[in-house]
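Novice: Here is my input; please provide its structure:
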Amino acid sequence: MAKAKKLPSGNWRVQASITVDGVSYRQSFTADTKGMAELQAKKWQVEIREKQSVCNITLKQAFDRYIAAKENTLSPATVREYTRTANTKLSSIMNIKVSQLTREKIQVAINLEAATLSPKSVRNIHGLLSAVLKMFCPDLILNTHLPEKQDFEPNIPTENSIKKLLADIKGTDLEKAVCLAAFGPMRRGEICALESTDISDCTVKVSKSVVMNKNKQWITKSPKTKTGNREIEYPQFVIDLFKDCAGKLIQYNPNSLYNAFSKALKRNHIPHFRFHDLRHYGASILHALGYPDKYIMARGGWKSTNVLNRVYKHALKEQQKDFDAVAIKHFETSFFKSM
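Specialist: Numbers count the residues shown, from 1 in each chain. Below is the predicted model of the structure:
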């Protein structure tokens, strides 16, 4: 690096230069002292070298480096999903150097994904892409047109459907899992992680979850958020299902649990709904009974009311005909004879 020279003004100046991949860069730095001028020049050279080395990596390499940098702060399920996105999505631009990406190329890649994926999936992919580029190419400002969000429509099971299902699976691990989800409500991963030591009297302690990591292995970890750690009081008839159990309470992983659940619905000709919708059923019942949202959120491990509001909206829509019938009967009784 060039040495600083003292100017007639008393300041010190460095004429710095650096060549990276055949491209030369020059910059002048002036400071009150020789050491400060040379330090500024050295810092500039390091920044130029790092910036150019980043610009020469492909988008796929940028994805991989981003995931590696964040891996210890993300949940295993999130790392797995990020890795899957890096390996299977945005194929039209993954081998392009970050420095050669344009908003047009990104828009074309997103359009290709939108042809086969849901708006939510496309938005998730673009969100990860945006985070990666913010780390490795902050000067590229995205202005991508994304598919419109779709309204969330939970398929909340009816009480009759749950009764029919429970009658068929009585005495099985699936019965235990369905009761924990519908009357808790607990998530699949939380249910699969339960052990006998997690139950005390009528209270179930939720402190861990079974998830799949990036190597497609099932592991047990702490909940994704603080609100996931909670204690849930259950009806006695649910607790009685576990009175003779020791150790691991449910002999399923989340995938095998869902498969067994789906087969039971099909076997009993019950309209399909997700295992996760059992949680929504539990929340909607508590809401109908007048429980405060704060209590329902604590019981279900929800961090915000966003999901609850969508569940309530759906439940109210299902009850709309009943409300309409009551209103019409009232109007007819009160006004028909006087008109």
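Novice: The stretch 201-339 of the chain: strands as residue ranges?
Specialist: According to DSSP state E, counting those that start in this stretch, the stretch 201-339 of the chain carries its strands in the segments 203-206, 209-212, 218-221, 230-233.
Novice: could you dump those strands to JSON lines with mean pLDDT, mean neighbour count and distance to residue 173?
Specialist: Backbone N, C-alpha and C define where each C-beta goes, glycine included. Shown next, in JSON lines, are the strands of the stretch 201-339 of the chain (pLDDT from 0 to 100; neighbours: other C-beta atoms under 10 Å; distance: least, C-beta to C-beta, whole Å):
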{"stretch": "strand 203-206", "mean pLDDT": "90", "mean neighbour count": "18", "distance to residue 173": "16"}
{"stretch": "strand 209-212", "mean pLDDT": "91", "mean neighbour count": "22", "distance to residue 173": "14"}
{"stretch": "strand 218-221", "mean pLDDT": "90", "mean neighbour count": "14", "distance to residue 173": "16"}
{"stretch": "strand 230-233", "mean pLDDT": "88", "mean neighbour count": "16", "distance to residue 173": "19"}
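Novice: Show me the helices in the stretch 101-250 of the chain, by range?
Specialist: Assigned by DSSP state H, counting those that start in this stretch, the helices in the stretch 101-250 of the chain fall at 103-114, 119-136, 159-168, 173-182, 188-193, 236-239.
Novice: show me where pLDDT drops low in the stretch 51-200 of the chain?
Specialist: 51-55, 151-153 (pLDDT under 70).
Novice: Packed most tightly, which of the helices of the stretch 101-250 of the chain would that be?
Specialist: Counting by mean count of other C-beta atoms under 10 Å, helix 188-193 has the highest mean neighbour count of those, with a mean of 25.
Novice: and it, C-alpha only, in PDB?
Specialist: Extracted in PDB, the C-alpha atoms of helix 188-193 (Å, rounded to 0.1, in the frame of the first residue of the first chain):
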ATOM      1  CA  ARG A 188     -48.300 -32.400  15.900                       C
ATOM      2  CA  GLY A 189     -44.700 -31.900  16.800                       C
ATOM      3  CA  GLU A 190     -45.500 -31.100  20.400                       C
ATOM      4  CA  ILE A 191     -47.700 -34.200  20.700                       C
ATOM      5  CA  CYS A 192     -45.000 -36.500  19.200                       C
ATOM      6  CA  ALA A 193     -42.500 -35.100  21.800                       C
END
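Novice: Count residues in the vicinity of the residue nearest to residue 108 when sequence neighbours are not counted, would you?
Specialist: Among residues not flanking residue 108 along the chain, residue 92 sits closest, at 6.5 Å (C-beta to C-beta, 6 or more residues apart in numbering). Neighbour count for residue 92, taken as other C-beta atoms under 10 Å: 15.
Novice: From what I see, residue 92 and residue 110 are in contact.
Specialist: No. When contacts are counted by C-beta atoms under 8 Å, residue 92 is not listed as touching residue 110 (9.8 Å).
Novice: what's the helix or strand for the residue positioned nearest the centre of the chain?
Specialist: The structure's the chain has its C-alpha centroid closest to residue 78; by C-alpha atoms, centre = their mean the separation is 6.9 Å. Using DSSP states H and E, residue 78 maps to helix 76-88.
Novice: residues of that helix that come out buried?
Specialist: Neighbour counts over helix 76-88 (16 or more other C-beta atoms under 10 Å) mark 76, 77, 78, 79, 80, 81, 82, 83, 85, 86 as buried.
Novice: a strand runs through residue 14, doesn't it?
Specialist: Yes. Looking at residue 14 with DSSP: H, G, I helix; E, B strand; the rest coil, it is inside a strand.
Novice: who's in contact with it?
Specialist: The neighbourhood of residue 14, defined by C-beta atoms under 8 Å, 6 or more residues apart in numbering, consists of 1, 2, 3, 4, 5, 28, 29, 30, 37, 38, 40, 41.
Novice: Just flag the most distant two among the residues you listed.
Specialist: Longest distance between any two of the contacts of residue 14 is 15.4 Å, between 1 and 30; criterion C-beta to C-beta.
Novice: Show me which of those two is the more surrounded one.
Specialist: residue 30 (14 against 11).
Novice: The nearest residue to that one once chain neighbours are set aside: how many residues sit nearby?
Specialist: Using C-beta to C-beta, 6+ apart and skipping the chain neighbours, the partner closest in space to residue 30 is residue 13 (4.6 Å). Number of residues near residue 13 (other C-beta under 10 Å) recorded here: 18.
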